[in-house]
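A.B. asks: okay, here's the prediction I keep looking at, along with the sequence it came from:
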Amino acid sequence: MATLTDDSVYTIVNSGTSWHGKEGATQFYVQLLTAFPDIHFDLQNIVIGPQGVYEEAIVTGTYQAQWLNMPSPHGQRVEFAVTILFPWDAKRRLFTGERVYFFLPQSCLSQVMLAA
């Protein structure tokens with residue numbers, strides 16, 4: 001939380017869901033880690049520049065608790081791609097949140113939907 005501005009915003013762009021401030025960032029991570037307690041980000045690419053940090057990763061994890069508008073959890077491993085933009089506020093020298101884009105392949109959607 002020390003790297004975030006007080007007015008940071010975490011947004012899942014696919015759904016438009018947002019969390020605001022450091023309290024919101026904490027809620028975002030608690031919800032994510034509750035849904036996928038064994039989540040792993042396999043970093044594929046990273047770009048660091050004056051506007052912030054951009055990363056691409058392959059995410060794997062076991063879907064254990066309800067998250068966003070996904071169907072009910074089923075306890076199976078899922079894999080999907082994610083890109084994240086961490087916008088940088090150069091004046092405050094802090095990140096202003098995250099803009100997260102999930103790319104769920106059909107196989108992942110099928111895994112999630114099977115248990116719905």
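C.D. replies: Everything's here; your move. Being a predicted model, the structure only gives us computed values, none of them experimental. Numbering: from 1, shown residues only.
A.B. asks: look up how far Thr17 lies from the nearest residue to Glu79 once chain neighbours are set aside.
C.D. replies: Distances taken as Cβ to Cβ, 6 or more residues apart in numbering place Thr60 nearest to Glu79, at 4.8 Å, with adjacent residues excluded. C-beta: built from backbone N, CA, C; applies to glycine. Distance of Thr60 to Thr17, computed by Cβ to Cβ, to the nearest Å: 22 Å.
A.B. asks: and Pro50, by the same measure?
C.D. replies: 28 Å.
A.B. asks: who's more crowded, the two?
C.D. replies: Thr17 (14 against 6; other Cβ atoms under 10 Å).
A.B. asks: next one: that one, what pLDDT does it get?
C.D. replies: pLDDT for Thr17: 91.
A.B. asks: for the longest helix along the chain, name the packing helices and strands.
C.D. replies: Of all the segments of type helix in the chain, defined by DSSP state H, the longest one is helix 21-35. If you count contacts as 3 or more Cβ pairs under 8 Å, 6 or more residues apart in numbering; DSSP states H and E, helix 21-35 packs onto strand 4-12, strand 17-20.
A.B. asks: roughly how far is the next helix or strand after it from the heart of the chain?
C.D. replies: Following helix 21-35 in sequence order, the next helix or strand is strand 40-49 (DSSP states H and E). For strand 40-49, the separation from the chain centroid amounts to 13 Å (computed by Cα atoms, centre = their mean, to the nearest Å).
A.B. asks: parallel or antiparallel, which strands does the next helix-or-strand element following strand 40-49 pair with?
C.D. replies: Counting by DSSP H and E, the next helix or strand C-terminal to strand 40-49 is strand 52-62. Paired neighbours of strand 52-62 in the sheet (DSSP bridges): strand 40-49 (antiparallel), strand 77-89 (antiparallel).
A.B. asks: from the ones you listed, which stretch is densest packed?
C.D. replies: strand 77-89 (a mean of 17; mean count of other Cβ atoms under 10 Å).
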